[in-house]
Structures are given as structure tokens and as C-alpha cells.
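Novice: next one to model:
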Amino acid sequence: MAKKFRQRRPERRPRKITTKLGDKISQHVSGIRHLFGENCEAMFVGSDGRRMSVTEIGTCLKHELREAGIDRPKQVTMLLRHHLGQGLADQGTPADMIAELLGHNSTVAARAYVTATPNIARIKEKALGKSSVYQRIMRSFVTGEVIQRRDTSTERAIRGVIDTQYIGNIGACALPVHTHCPYNPVYACYTCKKFHPFADGRHEQVKEALQREAQRFIDMAEQAGDLIHNRPLAQHQTTILAVSATIERCRQHMEDANDDDV
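Specialist: Reported below is the predicted structural model:
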């Protein structure tokens, strides 16, 4: 709980753990006491039997990560937190519980972990794909109809930059060719009636780039202590959902086209 904004002393909260984990911790502590005496109560000690400081533990973690081929010395604690959050999400842990365990003030960051979970995404896709109501919603979604890339002129194709990555071949804009859209390309397209997504467009690439950028917003907002009312994060979540819906529409469009060919 040491990542709270401007918090000098780490907050401590009691946690329940499994019996198996408790046994492992007990064995670890018993081994330390066997080496350095019964009065030693620390879990992390140096070669001299002295309790290790937070800085010393961080140095050891940096060394271990470097040995594993991950040389990012300034992001050790952040990497471990992300790994914990994503691991919990992969196991189906609710967003509010992830937020509680990581010490977040809201579930915005935790929802990003859950959104990025491939297993959860496949389960949702499979369940929603069988719903006739969901199919009707997808057909009436806010974007225009799905089209083929070969039927579109180069002037109407949409290109843009997300997370410093150039992305093109996602769809076409129905506005007149010489009209300049007042909104940011790609970000605004997936919630615009004038946007016609390509059936084989790079929508997965857009989704991954948006998720990376959203995670960077989360990291910065965490450091500033401003995760509760953060409009850029909310906008990214909305856009990611819209892109996911477009991916499903395009998949359904391709399946229908293949059925027609048969």
C-alpha cells in the first residue's frame, strides 16, 4: 500500500491468505531463524542477518529482473504491480477486488486489466455472439456499414497515430474528400456515423494501441492521485469498447460473406 499519493508511511491492511501460502511463509521464516537466531522476525534479510530496507529489496529485484532478461531498472515496482493486476484479472478476479488489493481509489485501473484479459474477451465474445439482441445492437451501432477496402478510393481512407504508432487501413470516411473533420482521426472514428470500417481492417492493432495508451494514462494518473474523475481514461474506455464492437461486426460480416459464397 506504499503507492498512495504523498503518503510517507505505507498503509498496512490485514489480508487472508491460503493455507498453502501460509505454510510456505512459515517454512521461510523458520529457515531464517535457524540461520540467524530465534529473535530474527524479518522475512527479507541480508547476509549479515539484518532486516533489508526497501531500497535493498528493490536492488535485489532489479538484479533478478536483469538476470531474466528484463532490463527496466526504473520500473521494477510498476512491473510487479501490473503483473499482479493482470494475473488476478486472468483468474477472473472482480475489478473492485483488484482495485482493493492494489490500493487504488477507484476501479478504473482495474477495469483496464480486465479489459485486456484474452480469456475474458473470448468468453464474452462467445456468449454475446449467441445473443440475437446483441446482434441487433451490433447492426445498429453508431458507425456506418462495413465495407471492403478494395471498393474505397485512397483519398477516403483513414489514417492516424495512436500511442506514437502510425495506423492506417482501418476504414473510410464518408465526408466529402476536401472536408477536414474537426475530430481526431481513429480516436473519434469508431463512434462516428461517417466512418465505414474495412471488413479486413487493422482494428485489433487499434485496440491494442489504445489499451497501451490507456495504461500509460493510468500510470500517470496514479502518480498524480487522480484516478477517480479522469475524463481521458473514460474516453479511452469508451473508444476501446467501440473498437471491440466494430471487430465483432467485421467478423460477422466476413462470416456472412463466406456463407453467401458457399
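Novice: now do the strands in the stretch 1-150 of the chain.
Specialist: Across the stretch 1-150 of the chain, reading from the start of the chain, there are no strands by DSSP state E, counting those that start in this stretch.
Novice: low pLDDT regions in it?
Specialist: In the predicted model, the stretch 1-150 of the chain carries pLDDT under 70 at residues 1-12, 105-106, 114-142.
Novice: domain ranges for the protein?
Specialist: As recorded under automatic domain parsing, the domains making up the chain are 1-52, 131-261.
Novice: redo those as JSON lines? Include mean neighbour count and distance to Thr93.
Specialist: For glycine as for every other residue, the C-beta is placed from the backbone atoms N, C-alpha and C. JSON lines is the format used below for the domains of the chain (neighbours: other Cβ atoms under 10 Å; distance: least, Cβ to Cβ, whole Å):
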{"stretch": "domain 1-52", "mean neighbour count": "11", "distance to Thr93": "14"}
{"stretch": "domain 131-261", "mean neighbour count": "16", "distance to Thr93": "17"}
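Novice: could I get these as TSV with distance to Glu67?
Specialist: Listed next are those as TSV, based on distance: least, Cβ to Cβ, whole Å:
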stretch	distance to Glu67
domain 1-52	18
domain 131-261	25
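Novice: closest to Arg66 out of those?
Specialist: Evaluated over the domains of the chain, closeness to Arg66 peaks at domain 1-52, with 18.1 Å, by Cβ to Cβ.
Novice: how far is that closest one from where the chain is centred?
Specialist: Relative to the centre of its chain, domain 1-52 is centred 30 Å away, using Cα atoms, centre = their mean, to the nearest Å.
Novice: now stretch 248-259
Specialist: A distance of 27 Å separates the C-alpha centroid of stretch 248-259 from that of its chain, computed with Cα atoms, centre = their mean.
Novice: wait, which of the domains of the chain is closest to Gln75?
Specialist: Put simply, out of the domains of the chain the one that sits nearest Gln75 is domain 131-261, at 9.3 Å, with distance taken as Cβ to Cβ.
Novice: nearest to Ala99, of the domains of the chain?
Specialist: By Cβ to Cβ (comparing all of these), the closest turns out to be domain 131-261, at 9.1 Å.
Novice: and the domains of the chain: which comes nearest Gln86?
Specialist: Per Cβ to Cβ, nearest to Gln86 of the domains of the chain: domain 131-261, 10.1 Å.
Novice: show me where this protein has helices.
Specialist: Counting by DSSP state H, the segments of the chain that form helices are 19-36, 54-67, 76-90, 95-102, 108-115, 118-129, 132-139, 203-224, 231-261.
Novice: picking that back up, to Val76, which of the domains of the chain lies closest?
Specialist: Closest to Val76 of the domains of the chain, according to Cβ to Cβ: domain 1-52, at 12.6 Å.
Novice: from what I see, Ile32 and Ser47 are in contact.
Specialist: No: using Cβ atoms under 8 Å, Ile32 and Ser47 do not qualify as a contacting pair, with a distance of 11.9 Å.
Novice: quick one: which of the helices of the chain is nearest Thr154?
Specialist: Using Cβ to Cβ as the measure, helix 203-224 is the one of the helices of the chain that comes nearest Thr154, at 19.4 Å.
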